[in-house]
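S.K.: give the three-dimensional model of this entry:
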Amino acid sequence: MAETVIKPGQDLYTALDKGFVKLVEFMGGDQRAVDSARVSFGSVSKGEAQDKKLIEYLLANGHLSPFEHSVFQFHIKCPIFVARQWMRHRIASYNEISARYTEVHDEFYYPPAFRGQDKLNRQGSVNSGALDQEKMLAVYDKAIKASYAAYRELIEAGAAREMARMVLPVSQYTQFYWSINARSLLNFINLRADAHAQQEIRQYAEAITEIFRSKMPWTWQAWAKQNEKKPH
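M.R.: Next up, the predicted model:
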């Protein structure tokens, strides 16, 4: 996978050890949502104070289609196991780098520490001081290096890229472009920045939260206020 050139002036956040979130393009904004809602009545903006109140009303009452007219496009670099969770969010467009077309580079996620299995939440994990981190990280490192060595050996022996990649683990880094409207992006943030989400994808969701907040501050403020009122 070729190295990505980060252009100055773009929203860029690093994540994990080798990943990133980069905003490529943005269309619309708070005012676009307001205008899209007011057109239903043949109306126009009534000034900032009234427009902010309209956004609060739309979110509070589930009138969410106006937010679909604001669109974010991101460039994401993350481990495959994170990408597979990410792509559960289907109301979006994805284009991912293909290991059929290009050879995979030696880029794998190395966690700073292993977590233990959560006894109450079967899909979750918890920090644990009882784990032998040195042993676990050594086992992990050995497996990563062996899988990549096998991949290179298969490629050099003439195996097709689409088959040689089968020996690689889901910790391999991938990259994709992701285009999503503001309505769907709020749903992504709601689920993936939540304390119950896996820690690795939460790092990405938190970066995306900051980008959303900067591009659509009225919407973010109204949405955050609404969520504060919900029972936890």
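
S.K.: in this protein, what secondary structure element scores lowest on mean pLDDT?
M.R.: Lowest mean confidence among the helices and strands of the chain (mean pLDDT, DSSP states H and E): strand 125-126, at a mean of 82.

S.K.: partners of it, with directions?
M.R.: Here strand 125-126 is paired, per DSSP bridges, with strand 116-117 (antiparallel).

S.K.: follow-up on the earlier one: from the contact counts, what lies against the very next helix or strand once past the least confident helix or strand of the chain?
M.R.: The C-terminal neighbour of strand 125-126 among helices and strands, as given by DSSP states H and E, is helix 133-156. Applying 3 or more CB pairs under 8 Å, 6 or more residues apart in numbering; DSSP states H and E, one finds that helix 133-156 contacts helix 161-164. Glycine gets a C-beta too; all of them are placed from N, C-alpha and C.

S.K.: name the residues that touch the helix it packs on?
M.R.: Outside helix 161-164, the residues that touch it by CB atoms under 8 Å, 6 or more residues apart in numbering are 99-103, 151, 154-155.

S.K.: what does stretch 56-63 give?
M.R.: Under CB under 8 Å, 6+ apart, the answer for stretch 56-63 is 33, 37, 64, 66-67, 219, 222-223, 225-226.

S.K.: give the residue farthest from the middle of the chain.
M.R.: Distance from the C-alpha centroid of the chain peaks at Gly42, with 36.8 Å (CA atoms, centre = their mean).

S.K.: from Glu156, how far out is that one?
M.R.: For Gly42, the distance to Glu156 (CB to CB, to the nearest Å) stands at 67 Å.

S.K.: in this structure, which spans are helices?
M.R.: Assigned by DSSP state H, the chain shows helices spanning 30-38, 48-60, 80-86, 133-156, 161-164, 182-192, 199-215, 217-228.

S.K.: let me have the ones you listed in JSON lines, adding mean neighbour count as columns.
M.R.: As requested, the helices of the chain are exported to JSON lines (neighbours: other CB atoms under 10 Å):
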{"stretch": "helix 30-38", "mean neighbour count": "20"}
{"stretch": "helix 48-60", "mean neighbour count": "16"}
{"stretch": "helix 80-86", "mean neighbour count": "19"}
{"stretch": "helix 133-156", "mean neighbour count": "14"}
{"stretch": "helix 161-164", "mean neighbour count": "15"}
{"stretch": "helix 182-192", "mean neighbour count": "20"}
{"stretch": "helix 199-215", "mean neighbour count": "19"}
{"stretch": "helix 217-228", "mean neighbour count": "16"}
